[in-house]
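Colleague: Task: produce atomic coordinates for the following.
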Amino acid sequence: MEQEIHFSLPHPERTLTVVNHQTRSTLHLKPVKTVQALLRALNLSPDTVLVIQDDTLLCDDDPIDPGSPVEIRPVISGGTSS
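Modeller: Modelled structure (predicted):
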């Protein structure tokens, strides 16, 4: 079950939708300019999550389009087998 968390903003139409698959929640936040700013706002490490927008994997310094939802997915490491 997905949990929705809403933050009260002066202009609700100017929010960034963030779907966090780690916490199974949807957040509506004040828009940020870059992936790095988003992860900082959510207190997440870039080493532990992937940030995806419009089916594109984003890097730390990539801009975020506030008009499209952003997905946050956990990084899964398989390691090597011997």
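
Colleague: center of the chain - which residue?
Modeller: Ile72 (4.2 Å; Cα atoms, centre = their mean).

Colleague: My reading is that it is in a helix; is that accurate?
Modeller: No - applying DSSP: H, G, I helix; E, B strand; the rest coil, one finds Ile72 to be strand, outside a helix.

Colleague: For Leu44, list the residues it contacts.
Modeller: Contact analysis of Leu44 by Cβ atoms under 8 Å, 6 or more residues apart in numbering lists Ile72. Yep, even glycine has a C-beta here, placed from its N, CA and C like the rest.

Colleague: Now do the residue nearest to the residue nearest to the centre of the chain when sequence neighbours are not counted against Thr34, distance only.
Modeller: Nearest residue to Ile72 in three dimensions, chain neighbours excluded: Asn20, at 4.6 Å (Cβ to Cβ, 6 or more residues apart in numbering). Separation of Asn20 from Thr34 (Cβ to Cβ, to the nearest Å): 18 Å.

Colleague: Of these two, which one has the most company?
Modeller: Of the pair Asn20 and Thr34, Asn20 is the one with more neighbours under other Cβ atoms under 10 Å, namely 20 against 16.

Colleague: Low-confidence stretches in this structure?
Modeller: Within the chain, the segments meeting pLDDT under 70 span 1-13, 78-82.

Colleague: can you pull out the helices in it?
Modeller: Secondary structure of the chain (DSSP state H): helices at 35-41.

Colleague: sorry, back to before: my read: the residue nearest to the centre of the chain touches Val19, true?
Modeller: Yes - contact criterion Cβ atoms under 8 Å: Ile72 and Val19 qualify, at 7.0 Å.

Colleague: about what we covered before: may I have the residues that are in contact with the residue nearest to the centre of the chain?
Modeller: Ile72 neighbours (Cβ under 8 Å, 6+ apart): 18-22, 42, 44, 49-52.

Colleague: quick one, what contacts Gln42?
Modeller: Quick fix: residue 42 reads Leu, not Gln. Residues counted as contacts of Leu42 (Cβ under 8 Å, 6+ apart) are 18, 20, 27, 72.

Colleague: Check the residues you listed and tell me the two furthest apart.
Modeller: Leu27 and Ile72 (9.2 Å; Cβ to Cβ).
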